[in-house]
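> Got a predicted model here, sequence first, then my questions.
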Amino acid sequence: MVIEDSGAEAVILDYFTTDDPPDLLAGGGRMTPEVVRALASGEYAPADGDLGAQPIAAIETVDGLVLVTRVYGVQVAATAGDPVHLC
């Protein structure tokens, strides 16, 4: 089930029964099947970034564009000082 900010609900039947489920697109955003699985199972990183564990390091310097992949599959630009967690 997908619930929008407005409270509208949509049920996507048999999403997980296909071998290669599609990305979900709505409102200019996209969720990959990996993100959908993580959200459906309750295994996702909190929005505030608090993973409940101490970082193993921090990024010291960044030269150019450096992308990191979060636990839930989303890539973001890294900046100096960002914590590094072991997953």
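Perfect, I can see it now.

> Pull stretch 26-41 out as PDB, backbone CA atoms only.
Provided in PDB are the C-alpha atoms of stretch 26-41 (Å, rounded to 0.1, in the frame of the first residue of the first chain):
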ATOM      1  CA  ALA A  26       5.000   9.200  -8.200                       C
ATOM      2  CA  GLY A  27       5.100  12.900  -7.600                       C
ATOM      3  CA  GLY A  28       8.500  13.300  -9.300                       C
ATOM      4  CA  GLY A  29      10.100  10.600  -7.100                       C
ATOM      5  CA  ARG A  30      11.200   7.100  -7.700                       C
ATOM      6  CA  MET A  31      11.600   4.000  -5.500                       C
ATOM      7  CA  THR A  32      13.600   1.000  -6.700                       C
ATOM      8  CA  PRO A  33      12.400  -2.500  -5.800                       C
ATOM      9  CA  GLU A  34      15.200  -2.700  -3.200                       C
ATOM     10  CA  VAL A  35      13.900   0.400  -1.400                       C
ATOM     11  CA  VAL A  36      10.300  -0.900  -1.600                       C
ATOM     12  CA  ARG A  37      11.400  -4.300  -0.100                       C
ATOM     13  CA  ALA A  38      13.300  -2.500   2.700                       C
ATOM     14  CA  LEU A  39      10.300  -0.300   3.500                       C
ATOM     15  CA  ALA A  40       7.900  -3.200   3.300                       C
ATOM     16  CA  SER A  41      10.000  -5.300   5.700                       C
END
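
> where are the low-confidence patches of the chain?
In the predicted model of the chain, residues 1-5, 41-53, 72, 86-87 satisfy pLDDT under 70.

> tell me the domain boundaries of it?
Using automatic domain parsing, the domain parsing of the chain gives 1-44, 51-87.

> what's the offset of the first one from the middle of its chain?
Which is domain 1-44. 12 Å (CA atoms, centre = their mean, to the nearest Å).

> and what of stretch 62-80?
The answer for stretch 62-80 is 12 Å, by CA atoms, centre = their mean.

> Pull it out as PDB, backbone CA atoms only.
Extracted in PDB, the C-alpha atoms of stretch 62-80 (Å, rounded to 0.1, in the frame of the first residue of the first chain):
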ATOM      1  CA  VAL A  62      36.300  15.400  -0.900                       C
ATOM      2  CA  ASP A  63      37.700  16.300  -4.300                       C
ATOM      3  CA  GLY A  64      35.000  16.600  -7.000                       C
ATOM      4  CA  LEU A  65      31.700  14.800  -6.800                       C
ATOM      5  CA  VAL A  66      31.700  11.800  -4.500                       C
ATOM      6  CA  LEU A  67      28.500   9.700  -4.200                       C
ATOM      7  CA  VAL A  68      27.800   7.400  -1.400                       C
ATOM      8  CA  THR A  69      25.000   4.800  -1.300                       C
ATOM      9  CA  ARG A  70      22.800   4.800   1.800                       C
ATOM     10  CA  VAL A  71      21.700   1.500   3.300                       C
ATOM     11  CA  TYR A  72      18.300   1.900   1.600                       C
ATOM     12  CA  GLY A  73      19.900   2.300  -1.900                       C
ATOM     13  CA  VAL A  74      19.700   6.000  -2.400                       C
ATOM     14  CA  GLN A  75      22.800   7.800  -3.600                       C
ATOM     15  CA  VAL A  76      23.800  11.200  -2.100                       C
ATOM     16  CA  ALA A  77      26.700  13.500  -2.500                       C
ATOM     17  CA  ALA A  78      29.300  13.100   0.300                       C
ATOM     18  CA  THR A  79      30.800  16.000   2.100                       C
ATOM     19  CA  ALA A  80      33.800  16.400   4.400                       C
END
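
> Right, I'll call it a day here.
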